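A.B. asks: Show me the folded form of this:
(chains A, B, C and D)
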2 protein chains.
Amino acid sequence: MAREQKGADAASGGDDAGGDIKIGGRLRHARLMKGMSLKDVAAGIGVSESFISKLENDKVQPSLAVLHRLVALLGINVAAMFNNETEGGGPLFVMRAGERPTITTRLRQKTDGVVLERLIPQTKNALLQVNIHQVVPGGGSHGLISHVGEEMGYVLEGTLDLTVGDQVCRLYAGDSFFFPSEELHGYTNPGDRVARILWVNTPPTF
Amino acid sequence: MAREQKGADAASGGDDAGGDIKIGGRLRHARLMKGMSLKDVAAGIGVSESFISKLENDKVQPSLAVLHRLVALLGINVAAMFNNETEGGGPLFVMRAGERPTITTRLRQKTDGVVLERLIPQTKNALLQVNIHQVVPGGGSHGLISHVGEEMGYVLEGTLDLTVGDQVCRLYAGDSFFFPSEELHGYTNPGDRVARILWVNTPPTF
DNA sequence: ACTGCTTAGTCAAGTTGCTTGATTATCCAT
DNA sequence: ATGGATAATCAAGCAACTTGACTAAGCAGT
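C.D. replies: Predicted coordinates:
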């Protein structure tokens, strides 16, 4: 009686739930962004902790009701789960060295001579935000930004005085840094030539 | 889940071992940079896991023999424990240009002559994973990885042939790229000198 | 309706990574 | 020796997460 049975998910390679779209990774990302644990999320939407675990590992598909509560709690929208399309032709998006858009950010007058150069497309639901900050000598960003997530940077050239919390650190070309975005952070260029820093944020939303 | 910081023992009166120099934080940083667990380190130098924990929490001072094995395993030198540079206390994590661990990784696939240089510590639930890939001429990684998330890169120097899905693109110094990690991707270095690419993944949950 | 299959969701046990308290072993100074 | 400090171990515990067995609800097809 035991017939050939499975075959259903053979195409999608494993024990994921039914071969549907995989949203687990994005859910996990959004959760980690908010600094929540499985238990937090589970309690927040009224399901079990293990169920969230299975969701994030694509072992199950949530019902619409659950999904709705979930995205509401995580501060994302349902659309963010499904559009994995980068606009344009293929999935690969390349921006050439001289052809990237530069944004002169003078959010306030405190942002002296910082030019942002966008390295990746800014889709609305992106998980990454990467820019090259060009800071003129004496310039800097005294942003008292404090958002969730993590950020890191790599000094391409020049010198940078980076302040994070109450730590100040002078960075030179080739140095890299990392800190949780909750910390207040700002920077200035103490050198006498332009500093260029490749800066990575996650996530850009919220 | 806010991060609990405890921060009480800064005044050297706490339960740290003997009021000596505190090397725990640096040991932990070095360990995280290598992406190792307490158990890994403990097994690597032949002590118990809990002992490493106490070391990193400055509950105990290692013997010279243990310290020697420790720094050998972590790829640091004993001097790095005692020069009172910036790092140690706060949330900011800085890796100097020449001091980053390089991992001659043979990822699962054939990874010909690719050296990874880790730019940020590798914790379990990190949202970012950033490395500099050093690819020798003719070398490359044909990783058939397909995980959830996004990734991007920035060519620091050299030339790279990047394959994503069925697209192939030749990249030069200063170019940047971006694609969703679900796509199969690999790369080779078609040039005649080393290529260095700053590579960002999110999330590294696989 | 009934039967059977699939699957969202729960409960409990297991795993991992780390911390802590109690205990033993080792060194060093009287 | 002998006692005290402490390096190091063992075992228990905790928190975050995963996994397997189970329950229940939906949706087919006779």
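
A.B. asks: Show me what the strand ranked longest in chain A packs onto, helices and strands only.
C.D. replies: For chain A, the strand with the greatest residue count under DSSP state E is strand A:129-145. Strand A:129-145 is packed against strand A:112-118, strand A:185-188, strand A:195-202, with contacts defined by 3 or more CB pairs under 8 Å, 6 or more residues apart in numbering or on different chains; DSSP states H and E. To be clear about C-beta, it is placed using only N, CA and C from the backbone, and glycine gets the same treatment.

A.B. asks: Same list (those strands) but as TSV, adding mean pLDDT.
C.D. replies: Below are these laid out as TSV (pLDDT from 0 to 100):
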stretch	mean pLDDT
strand A:112-118	84
strand A:185-188	90
strand A:195-202	92
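
A.B. asks: Make TSV out of these and add mean neighbour count.
C.D. replies: Below are those laid out as TSV (neighbours: other CB atoms under 10 Å in any protein chain shown):
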stretch	mean neighbour count
strand A:112-118	18
strand A:185-188	22
strand A:195-202	23
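
A.B. asks: For the longest strand of chain A, the averaged confidence score.
C.D. replies: For strand A:129-145, mean pLDDT is 84.

A.B. asks: centre of the chain versus that strand, how much separation?
C.D. replies: Its chain's C-alpha centre and that of strand A:129-145 lie 18 Å apart, by CA atoms, centre = their mean, to the nearest Å.

A.B. asks: Which positions within it qualify as buried?
C.D. replies: A:129-137, A:139-141, A:143 (16 or more other CB atoms under 10 Å in any protein chain shown).

A.B. asks: May I ask which two of those are separated the most?
C.D. replies: Within those, A:129 and A:137 form the most distant pair, 25.6 Å apart (CB to CB).

A.B. asks: roughly how far apart are the residue of chain A found nearest DNA strand D and residue B:65?
C.D. replies: With CB to the nearest atom of the strand, the shortest gap between chain A and DNA strand D falls at residue A:50, namely 2.8 Å. Residue A:50 sits 45 Å away from residue B:65, going by CB to CB, to the nearest Å.

A.B. asks: Over to residue A:116?
C.D. replies: Distance of residue A:116 to residue B:65, computed by CB to CB: 51 Å.

A.B. asks: Please apply the same query to residue A:192.
C.D. replies: Separation of residue A:192 from residue B:65 (CB to CB): 49 Å.

A.B. asks: same question, residue A:79
C.D. replies: Note on residue A:79: its distance to residue B:65, by CB to CB, is 58 Å.

A.B. asks: Tell me where chain A has strands.
C.D. replies: A:93-95, A:102-104, A:112-118, A:129-145, A:150-157, A:159-164, A:167-172, A:176-180, A:185-188, A:195-202.

A.B. asks: Neighbouring strands of the longest one in the sheet, and parallel or not?
C.D. replies: Each strand that pairs with strand A:129-145, with its direction, by DSSP bridges: strand A:112-118 (antiparallel), strand A:185-188 (antiparallel), strand A:195-202 (antiparallel).

A.B. asks: Show which residues not belonging to the first one make contact with it.
C.D. replies: I take that to be strand A:112-118. Here strand A:112-118 makes contact (CB atoms under 8 Å, 6 or more residues apart in numbering or on different chains) with A:95, A:100-105, A:130-136, A:138-141.

A.B. asks: ok, now with 10 Å
C.D. replies: A:95, A:97, A:100-107, A:129-143, A:187-189, A:194-199, B:176 (CB atoms under 10 Å, 6 or more residues apart in numbering or on different chains).

A.B. asks: and it, C-alpha only, in CSV?
C.D. replies: The C-alpha coordinates for strand A:112-118 follow below in CSV (Å, rounded to 0.1, in the frame of the first residue of the first chain):
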residue,chain,number,x,y,z
ASP,A,112,29.9,69.9,6.9
GLY,A,113,31.1,68.8,3.6
VAL,A,114,30.0,65.2,3.6
VAL,A,115,29.2,63.7,0.3
LEU,A,116,27.5,60.3,0.1
GLU,A,117,28.1,58.0,-2.8
ARG,A,118,25.5,55.3,-3.1
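
A.B. asks: ok, the residue lying closest to residue A:23 once chain neighbours are set aside - contacts?
C.D. replies: Excluding its sequence neighbours, the residue lying closest to residue A:23 (CB to CB, 6 or more residues apart in numbering or on different chains) is residue A:81, at 4.3 Å. Neighbour list for residue A:81: A:21-27, A:30, A:62, A:67, A:70-71, A:125 [criterion: CB under 10 Å, 6+ apart].
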